[in-house]
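Asks: Need coordinates for the below:
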Amino acid sequence: MHLMKWLYPGIGFKRWLFAFALGTICVSLGVALVFNYQYLDAVEEAIFRFVYTWQGSYDYIFTAIAGALLIAVGSILMLVAMRRVIRAIITALMPEGASARLVDLVYEKTRLSRGPSVAVIGGGHGLSVLLRGIKELTSNVTAIVTVADDGGSSGRLREELGIIPPGDLRNCLVALADTEPLMEKLFQYRFEGHSNLAGHSFGNLFLAAMAEVTGDMETALRESSKVLAVKGRVLPASKESVRLDAILEDGTVVEGESHIPEAPGRIRSVRLFPPDAAPVESALEAIRTADAIVLGPGSLYTSIMPNLLVDGVAAELRKSRALKIYICNVMTQPGETDGYTASMHAEAILKHAGRGAIDFMLVNNAPISPALRRKYAAEGICPVRVDEEAINALGIGFVGADIVNQSDAVRHDPDKLSRNVMRMIYDFRVH
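Replies: Residues are numbered from 1 along each chain as shown. This next block holds a predicted model:
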């Protein structure tokens, strides 16, 4: 019965379906005349008697010409009808102007679907930078995002509604989205003023509402991905409310992710409470089936580590035969990695996640401009020194590349970063 709906009045399909059918008949008859004319005496007599008669028989060359004309007319009818039918479907289903780039869209979707499967683990703005670039190279990407954030809008919603913090999840959704610029601005819009909404972003409120409607944040993210036309998936590392604590070298315990960068001392280790926070099963499955697993970029202790401390995540990471890449930060981070070298970043991850969690490091080798060095030095920040021998001593390979944008600050560049990550995946991944 659903097929009969195509014949409803007003849809504009019937005439073009009839034209397509007529074109098919013409092409079929033309092919038959060209290749099987000797078996079609009756049809020839009916159609071509007025065209050519000579000594009571037909010359094959004229029959072949007639057949070729039928094929041409039928082909034109079929192409026009098919074009009009496809255009009608596109106009009904796709945004205005999208039909003009249909071929590009189909090609891009096919190309991206053939890309490697990549699981990206982290949080904060660093993770979203990588996602913005990598979505142009593969659509088989899963972002596994920290849920330890307890500051700002996310912290308030977490406290008031009892949900996992949506901020980092929102940033990753927007980074992977293939949607209109206005929709991105809407999701990132932050309310101002002095009302209860002040400081909240619309995207955080949207995800909070979706979580209430659908029952949990994982489902909310899946449904929101449809709204934003997300390339890939965004998953929380856990659906439990967790707290990140830092133990300093002097034994002091700092509770809460937002307080850790303010701690007056070097971090010895971090831990989650509760220590056995349950993982999201689909996140573990993404790690198991990935061709490559990427850690970072992002804050070492407050963005990357919380994911690795969720029960089962580090174990799956170690067991995975995927290529495991850690993207090292370009600059040190006050309160977290003061004075850290590249090997010290990697060593901290191995200490918390175990040996086998990293195969290769991707480090920046582009020199930082003197002006930016002075600017950052005033804030106690310096470039992370790449100590090659110490990295190799950990059993980790490394790749140096220009992966930064230095226009007004030192940031990872989405395109440079993603291209180098994909190059490493194709060059080094285990087959």
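
Asks: which intervals of the stretch 101-250 of the chain have sub-threshold pLDDT?
Replies: 101-107, 180 (pLDDT under 70).

Asks: So which residues of it form strands?
Replies: 118-122, 141-145, 233-236, 243-248 (DSSP state E, counting those that start in this stretch).

Asks: Tell me how far the helix or strand just after the longest one lies from the chain's centre.
Replies: Which is strand 243-248. Using DSSP states H and E, the helix or strand that directly follows strand 243-248 along the chain is strand 253-255. Centroid separation between strand 253-255 and its chain, computed with C-alpha atoms, centre = their mean, to the nearest Å, is 35 Å.

Asks: And strand 253-255, what's buried?
Replies: Using 16 or more other C-beta atoms under 10 Å as the test for burial, strand 253-255 gives residue 254. Quick note: C-beta positions are derived from backbone N, CA and C, even for glycine.

Asks: by contact count, what packs against that strand?
Replies: When contacts are defined as 3 or more C-beta pairs under 8 Å, 6 or more residues apart in numbering; DSSP states H and E, strand 253-255 sits against strand 243-248.

Asks: what's in contact with the strand it packs on?
Replies: Residues from elsewhere that reach strand 243-248 (C-beta atoms under 8 Å, 6 or more residues apart in numbering): 148, 150, 253-257, 260, 263, 265-273, 301-302, 305-306, 309.

Asks: go on, stretch 19-31?
Replies: With contacts defined as C-beta under 8 Å, 6+ apart, stretch 19-31 is touched by 43, 66-82, 85.

Asks: where along the stretch 301-431 of the chain do the helices fall?
Replies: Taking DSSP state H, counting those that start in this stretch, the helices of the stretch 301-431 of the chain run over residues 305-308, 313-319, 342-353, 370-377, 388-393, 414-428.

Asks: Of those, give the one that comes closest to residue 186.
Replies: Set against residue 186 and scored by C-beta to C-beta, the helices of the stretch 301-431 of the chain come closest in helix 414-428, at 21.1 Å.

Asks: How about residues contacting the closest one?
Replies: Residues outside helix 414-428 that contact it (C-beta under 8 Å, 6+ apart) are 115-116, 118, 129-130, 132-134, 136-138, 291-292, 294, 297, 323, 325, 327, 359-360, 362, 397, 399, 401-405.

Asks: what about it, average pLDDT?
Replies: Average pLDDT, helix 414-428: 95.

Asks: same question, stretch 329-342
Replies: 95.

Asks: mind listing what's buried in that stretch?
Replies: Neighbour-count burial for stretch 329-342, counted by 16+ other C-beta under 10 Å, picks out 329-333, 335-337, 340-342.

Asks: for stretch 150-161, same thing?
Replies: Within stretch 150-161, the residues that count as buried by 16+ other C-beta under 10 Å are 150, 152-158.

Asks: same deal with stretch 415-423?
Replies: 416-422.

Asks: Those into a markdown table, with extra columns for distance to residue 385?
Replies: A markdown table is the format used below for these (distance: C-beta to C-beta, whole Å):
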| residue | distance to residue 385 |
| --- | --- |
| 416 | 20 |
| 417 | 20 |
| 418 | 25 |
| 419 | 24 |
| 420 | 20 |
| 421 | 22 |
| 422 | 26 |
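
Asks: got the contact list for the closest residue to residue 197 other than its chain neighbours?
Replies: Leaving aside its chain neighbours, residue 197 sits nearest to residue 191 (4.2 Å; criterion: C-beta to C-beta, 6 or more residues apart in numbering). If you count contacts by C-beta under 8 Å, 6+ apart, residue 191 has them with 197-202.

Asks: Which ones among those residues map onto helices?
Replies: residue 202 (DSSP state H).

Asks: Quick check: bridge partners of residue 243?
Replies: Following DSSP bridges, residue 243 is listed with bridge partners residue 273.

Asks: Please tell me how far it sits from residue 406.
Replies: 36 Å (C-beta to C-beta, to the nearest Å).

Asks: element containing residue 32, please.
Replies: Take DSSP H and E as the rule and residue 32 turns out to sit in helix 14-36.

Asks: what is the rounded mean pLDDT of that helix?
Replies: 81.

Asks: CA atoms only: put that helix into PDB for me.
Replies: Output of helix 14-36 as PDB, limited to C-alpha atoms (Å, rounded to 0.1, in the frame of the first residue of the first chain):
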ATOM      1  CA  LYS A  14       2.700   9.800 -12.300                       C
ATOM      2  CA  ARG A  15       3.600  11.800 -15.400                       C
ATOM      3  CA  TRP A  16       7.300  11.100 -15.000                       C
ATOM      4  CA  LEU A  17       6.800   7.500 -14.100                       C
ATOM      5  CA  PHE A  18       4.800   7.100 -17.300                       C
ATOM      6  CA  ALA A  19       7.500   9.000 -19.300                       C
ATOM      7  CA  PHE A  20      10.100   6.700 -17.800                       C
ATOM      8  CA  ALA A  21       8.100   3.600 -18.700                       C
ATOM      9  CA  LEU A  22       7.500   4.900 -22.200                       C
ATOM     10  CA  GLY A  23      11.200   5.600 -22.600                       C
ATOM     11  CA  THR A  24      12.000   2.000 -21.400                       C
ATOM     12  CA  ILE A  25       9.700   0.600 -24.000                       C
ATOM     13  CA  CYS A  26      11.200   2.700 -26.800                       C
ATOM     14  CA  VAL A  27      14.800   1.600 -25.800                       C
ATOM     15  CA  SER A  28      13.800  -2.000 -25.600                       C
ATOM     16  CA  LEU A  29      12.100  -1.900 -29.000                       C
ATOM     17  CA  GLY A  30      15.000   0.000 -30.500                       C
ATOM     18  CA  VAL A  31      17.500  -2.600 -29.200                       C
ATOM     19  CA  ALA A  32      15.300  -5.400 -30.500                       C
ATOM     20  CA  LEU A  33      15.200  -3.800 -34.000                       C
ATOM     21  CA  VAL A  34      18.900  -3.300 -34.100                       C
ATOM     22  CA  PHE A  35      20.000  -6.700 -32.900                       C
ATOM     23  CA  ASN A  36      17.000  -9.000 -33.600                       C
END
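
Asks: Cheers, nothing more for now.
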